[in-house]
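Engineer: Test case, fold it:
(chains A and B)
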Amino acid sequence: MSAKKLQSIRGIHDGLPVEVARWQRVEQAARKVFGGYAFAEVRMPILEPTELFVRSVGEDTDIVSKEMYAFTDQGGDNICLRPEGTAGAVRAWLQGGLTRAGAQRWYYIGPMFRRERPQKGRLRQFQQIGVEMFSAPGPVEDAEVLAMAHAFLCELGIPDLTMEINSLGCDACRPAYRERLVTYLQARAACLCETCVERIARNPMRVLDCKVASCQQELADAPEMVCHLCDECDTHFTTVQKGLDALQIPYRVNPRIVRGLDYYNRTAFEIVTDKLGAQGTVLAGGRYDGLVQELGGPATPAIGFAAGIERLAMLLEDTDAAVPDVAVVALGEAVHGYALAQADLLRKAGLSVVHCGGGSAKRQFKMADRECVRFVAVIGEDEMQAATVMLKNMASGEQQSVATAAVAALIAA
RNA sequence: GUGGACGUAGCUCAAUGGUAGAGCCCCGGCUUGUGAUGCCGGUGGUUGGGGGUUCGAGUCCCCUCGUCCACCCCA
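Structural biologist: Just a heads-up that it's a prediction; the model follows:
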């Protein structure tokens, strides 16, 4: 057995400081905006029983049938790394006894796992910011959740995003529509691509957003769900749009939006960009009125969405890296303790301080320079005797002797 | 899972099958407690890994790992 290089698992990447700084900008925007809608953070387990996703996401979906990291633990239990957040949130909501606690507005931030072939913007471990709203029956909630998603992305300042919405109908109207669609597709099966032919039986709605040009051409007049909604669904969808109009949120009805997960009904939406190649979906979600019941709870309407942190981070403008306020340069063994104490005092004054570690002045100044600090506090025996530091402005080269207590004020000026 | 491109120093990249190099970065020096520019010097590679062909492989062949791109699908 050859010595294999020790490295992270394929498609599972490290978050180094530069990258994490971008993630944090995404997270901060989420916390700020979601807070304004009175959503509260929850933290759910990363490991869940495999059965949870089989029953919620759907056994026939790609996520469950071939992308889950699932295994048997030492006790013989079937567990897996969560591939998405909604199922676990519903499970937690039920387990926490919150079914009669009134509306629950949740958000969470954390890693999800899908064993796919990695690509840019598609990792095996990736992070999502998810939102779930339980006991949310009406189109008003839909409009507000969509508005919140929109506000979140506006807060991040990402340009050229498009919100697309659709209605997937409900148990009352979807089966009839599905049948109509299958009939339509079967009549044209000969003209469709191979995968679409397979999809007719497995997931006919998927055929609608096939990327193959010839398929799209063939499907130009395919029946669309939005034209076959029952009265309740139609009213719901119309009211959602009125809400978005009232909030002046730009959107486009895209009758071809299909959600990959089984639990969605009625409102489905995606926010997409054309800057990320094949991974254009940056945020997506919808209503899932049947899921709670599916998992053994009382019939509870709910809606949510999830955004990919890495995908959003890639769309962010670069910003200047955070830089410490002061670097401490200590000259000589004798000032060892004094310099440490001065650094400590500066930090207690609220400054961000790096200690250059002693040694030659040149080495320490080079280090300070690389840190991009604006000021250096030079501390030698003279300064120690006088109970001061020599504060140097790195841009101008000027330096002056000051008491430590005065440093913070000088830097702020 | 399928198809394709790629993998050489920390980074960006060279090297008609014939001694592995450059730039940047890093470290040290250009006298004593002062950085960015300059000059001089230095560290650093089993060419992703393993097999094969050959007198000789970074280069050709096979396998494997990884990255990227597309499909599938999704955040």
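Engineer: buried ones in stretch A:200-209?
Structural biologist: Buried positions in stretch A:200-209, judged by neighbour count with 16 or more other Cβ atoms under 10 Å: A:200, A:203-205, A:207-208. Where you see a C-beta, it was placed from the backbone N, CA and C, and this is true even at glycine.
Engineer: Pull it out as CSV, backbone CA atoms only.
Structural biologist: Output of stretch A:200-209 as CSV, limited to C-alpha atoms (Å, rounded to 0.1, in the frame of the first residue of the first chain):
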residue,chain,number,x,y,z
ILE,A,200,-41.8,10.7,-18.6
ALA,A,201,-42.4,7.8,-16.3
ARG,A,202,-40.1,8.8,-13.4
ASN,A,203,-40.7,12.5,-13.1
PRO,A,204,-42.6,14.0,-16.1
MET,A,205,-42.5,17.6,-14.7
ARG,A,206,-38.7,17.5,-15.1
VAL,A,207,-39.0,17.2,-18.8
LEU,A,208,-40.2,20.8,-18.9
ASP,A,209,-36.9,22.3,-17.9
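Engineer: Tell me how far residue A:403 lies from RNA strand B.
Structural biologist: Distance, residue A:403 to RNA strand B, using Cβ to the nearest atom of the strand, to the nearest Å: 15 Å.
Engineer: Can you classify the closest residue to RNA strand B within the stretch 151-300 of chain A by secondary structure?
Structural biologist: Nearest to RNA strand B in the stretch 151-300 of chain A, going by Cβ to the nearest atom of the strand, is residue A:260, at a distance of 1.2 Å. Three-state assignment for residue A:260 (DSSP: H, G, I helix; E, B strand; the rest coil): coil.
Engineer: How many neighbouring residues does it have?
Structural biologist: Residue A:260 is flanked by 15 other residues according to other Cβ atoms under 10 Å.
Engineer: what's the closest non-adjacent residue to it?
Structural biologist: residue A:61 (6.0 Å; Cβ to Cβ, 6 or more residues apart in numbering).
Engineer: Assumed residue A:163 was part of a strand.
Structural biologist: Yes. Counting by three-state DSSP, residue A:163 is located in a strand.
Engineer: any idea how far residue A:277 is from the closest residue to RNA strand B within the stretch 101-250 of chain A?
Structural biologist: Proximity to RNA strand B, evaluated over the stretch 101-250 of chain A using Cβ to the nearest atom of the strand, is greatest for residue A:120 at 2.6 Å. Distance from residue A:120 to residue A:277, counting by Cβ to Cβ, to the nearest Å: 6 Å.
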